[in-house]
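Trainee: Attaching a predicted model along with its sequence, questions to come.
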Amino acid sequence: MPIDMELEVVLRPTQYPMPPYPPKVITLANGKKMVVRQATREDVPAILKSVHPCLFIERDYYDIVSARLYGELLAWYRYRVKSEYVLMGQVDGFLVGIVNGRMENEKVGMSYHTLAIDRGLRIGSHLFAAKMEYHLEYLGQEEVLIVAESPIGFRRWMIEYPLAPTKIPHELGGGDSYLLTREIYFNAKPRLVVGERPVPQDLFDEAAAEIKFADDDTIRERIAGLKGR
Amino acid sequence: MRDVAVIGVGMIPFGRRDEDSLMEMLAYASLKALDDAGLGDKSVDAVYVGNMGSGMLQHQSAIASSLVDRLSLLPAPADTVENGPASGGSAVKNGLLAVASGYYDTVLVVGGEKMREVTGWRATDFVATMTHPLAEYVYGITLPGMAGMFTRLYMEKYGVTREHLVAVSIKNQEMGGRNPYAHVEMAITKEGIFDDPAAVVNNPVIADPLHLYDACPVSDGAAALILFPLEKIKNPVKPPVVIAGFGQATDTHTLQEREDPTDLKAVTLAAQQALEMAKLKPSDIHVAELHDAFTILEIAESEHIGFFKKGEGGKAALAGKTAFGGTIPINLSGGLKARGHPVGATGVAQVVDIVFQLRHELPKDRQVKNAQNGLTVNFGGFGNNVLSFVLRRVQQ
């Protein structure tokens, strides 16, 4: 697609400086090691392949979450969103979850989505915690605005932290935002934010070498379960 | 009284079955049991349906008559049996007595529950309706809360440790992974749920000292069996298995009224009755399905039945004595912990799993070699209504 760079200067949002998210490794309940690391724009086409099959899974609002995430990934890939970041979880190189958000301004973060591709291992919880860690500990923000599409998300974020209800609209629309403040985050951190740094080199190299993704049927089965057929 | 055989069994995979109604699940399991018994579309004399909550969860009552119509078994007499999480066991008992008495010959017993239709909170609240309305429920008690307090007492009195509970959890999820009917098919490791710092998230406290992986999931599912007088069996399709003994006992509704809340008297009595009726000792049992809605219950029940002395059950689990290949393998189906616990289905599913074992038709990684006798414990309330069955493979 031809790009008019003169116009592109107008269309592309300016970006806040965003220090990188340092990768970490988390041991899951099944003993597997999940590497959590920041995605680059070049990773987006591979990530989209894992998001695509989720568009057609109605269960637990996967269709809505993945459709929105798909759009957010494209917007980031093609410079149509301001200060977005994407973190991902990989086990044995395979993509098992994605989270994203952006800086609304220097002090306020805007949480976008959490998509767990492998289920039953609290991958969503781990990755959501990682993105809150990014906002508050690495981007140095004061608070994050959060909404949930699914009851599972509501239970994991709003109740488990617990987040503070506000009347502030969220840019995703839907219900009013809930707020993660520094106080709430650091109170919750000992029981919700885990992971070890640095990531052992062999694990990191495996994750960085290739974003592997399962085939569509496997992804659907992992999300909806064998019994979901 | 006639000896009663289980001539057909059927079960559908437990889990989250969004596409199936409760009635469809009950019908699928029933049809599988009828097929397994070689009955085809022949009618049955009576139907007993174990279910705890269709009135609350599906806003549908009198499901036994609905099922009979659905299965074209009219005009078979039909009863819905509600006895909390022991509803399935009670349905089996009713079918057993009906055939043993000589009143009916061919009886279909089916248990089922559809619990994933509501949120986990509402499912937990629904199960809590079995607690005392004024002395317990009104104060917000839930079954996980009760089990947590029970566990703390049991730990203090008998030295059960978290490592013991973790051993049960790992064992049962491992076995669930080998069972195509199990809700939870994922193996877990001690590192992931106990040793590693990430365990604080992977396996959070749900009701101190119990953690997430100490509790059974909320499941949909159904299981069924066909009972028939042993004396009338000719040319059996499958090796007949008889219900050689059963027992049932109740205990105080509230835990606080028990002289010793760690003493599960109804489990002891029910298992003793079942074993005495079968003329067997605990050491004669080759495989057992116990009601491990929480890991502590598998340990406590294994002691109350007499498999181990008080205080030895946890150590036995940790030592692998209750694992596949152990001296008394327990919950090789994955138990409630991994097969799942659709409350009305559980008591029937336990019997079905023991029948699979005694027919010697399971894959090698789950089949107890040459198993002849099996035992179940279906635990209603918090031990206030317990049923136990002893099943025996008939020597031909």
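Mentor: Perfect, I can see it now.
Trainee: Okay, helices next: where are they in the chain?
Mentor: Since you didn't name a chain, this refers to chain A. Assigned by DSSP state H, chain A shows helices spanning A:5-11, A:44-51, A:62-77, A:123-133, A:151-153, A:182-192, A:201-209, A:216-224.
Trainee: Let me rephrase: I mean chain B.
Mentor: Going by DSSP H, chain B shows helices at B:22-36, B:63-70, B:87-100, B:120-128, B:143-158, B:162-176, B:190, B:199-202, B:265-278, B:295-305, B:313-318, B:335-338, B:343-359.
Trainee: Give me the below-cutoff pLDDT ranges for the chain.
Mentor: If you meant another chain, say so; for now it's chain A. Within chain A, the ranges that satisfy pLDDT under 70 run A:226-229.
Trainee: was after chain B, sorry
Mentor: Chain B contains residues with pLDDT under 70 at B:41.
Trainee: List, one by one, the residues from it near chain A.
Mentor: Applying C-beta under 8 Å from any C-beta of the partner chain, we find that chain B lies next to chain A at B:13-19, B:119-120, B:183-189, B:191-193, B:196-204, B:213. Heads up, the C-betas are built off the backbone N, CA and C, glycines and all.
Trainee: 6 Å instead?
Mentor: Residues of chain B lying close to chain A (C-beta under 6 Å from any C-beta of the partner chain) are B:13, B:15, B:17, B:186, B:188-189, B:191-193, B:196-198, B:200-202.
Trainee: B:D20: neighbour count?
Mentor: 18 (other C-beta atoms under 10 Å in any protein chain shown).
Trainee: B:A147 too?
Mentor: Count around B:A147 with other C-beta under 10 Å applied: 22.
Trainee: Now for B:A278, how many residues are close by?
Mentor: B:A278, neighbours per other C-beta under 10 Å, totals 22.
Trainee: surely it meets B:G247?
Mentor: No - B:A278 is not in contact with B:G247 according to C-beta atoms under 6 Å; the separation is 9.7 Å.
Trainee: quick one, phi psi at the nearest residue to A:D176 once chain neighbours are set aside?
Mentor: Among residues not flanking A:D176 along the chain, A:K167 sits closest, at 5.4 Å (C-beta to C-beta, 6 or more residues apart in numbering or on different chains). With angles defined as degrees, to the nearest 10, A:K167 sits at phi -100, psi 10.
Trainee: A:K167 contacts A:G175, correct?
Mentor: No - using C-beta under 6 Å as the test, A:K167 is too far from A:G175 to be in contact (10.5 Å).
Trainee: Dump the C-alpha coordinates for stretch B:97-113 into CSV.
Mentor: In CSV, the C-alpha atoms belonging to stretch B:97-113 read as follows (Å, rounded to 0.1, in the frame of the first residue of the first chain):
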residue,chain,number,x,y,z
LEU,B,97,-33.6,-51.5,46.8
ALA,B,98,-36.3,-51.5,44.0
VAL,B,99,-34.5,-54.4,42.2
ALA,B,100,-33.4,-56.2,45.3
SER,B,101,-36.9,-56.3,46.7
GLY,B,102,-38.2,-57.9,43.5
TYR,B,103,-40.5,-55.1,42.7
TYR,B,104,-38.8,-54.0,39.5
ASP,B,105,-36.3,-55.9,37.3
THR,B,106,-34.8,-53.3,35.0
VAL,B,107,-34.0,-50.0,36.5
LEU,B,108,-32.3,-47.0,35.0
VAL,B,109,-30.4,-44.8,37.5
VAL,B,110,-29.0,-41.6,36.2
GLY,B,111,-27.5,-38.6,37.9
GLY,B,112,-26.7,-35.2,36.4
GLU,B,113,-26.2,-31.6,37.1
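Trainee: From the chain's centroid, how far away is that stretch?
Mentor: 18 Å (C-alpha atoms, centre = their mean, to the nearest Å).
Trainee: contact partners of that stretch?
Mentor: Stretch B:97-113 has contacts (C-beta atoms under 6 Å, 6 or more residues apart in numbering or on different chains) with B:1-2, B:4, B:25-26, B:29-30, B:44-50, B:88, B:91-92, B:95, B:222-229, B:342-345, B:348.
Trainee: Stretch A:133-146 too?
Mentor: By C-beta under 6 Å, 6+ apart, the surrounding residues in contact with stretch A:133-146 are A:19, A:21, A:107-111, A:157, A:170, A:177-182, A:185, A:193.
Trainee: Can you flag the buried ones in those residues?
Mentor: A:21, A:109-111, A:157, A:170, A:177-180, A:185, A:193 (16 or more other C-beta atoms under 10 Å in any protein chain shown).
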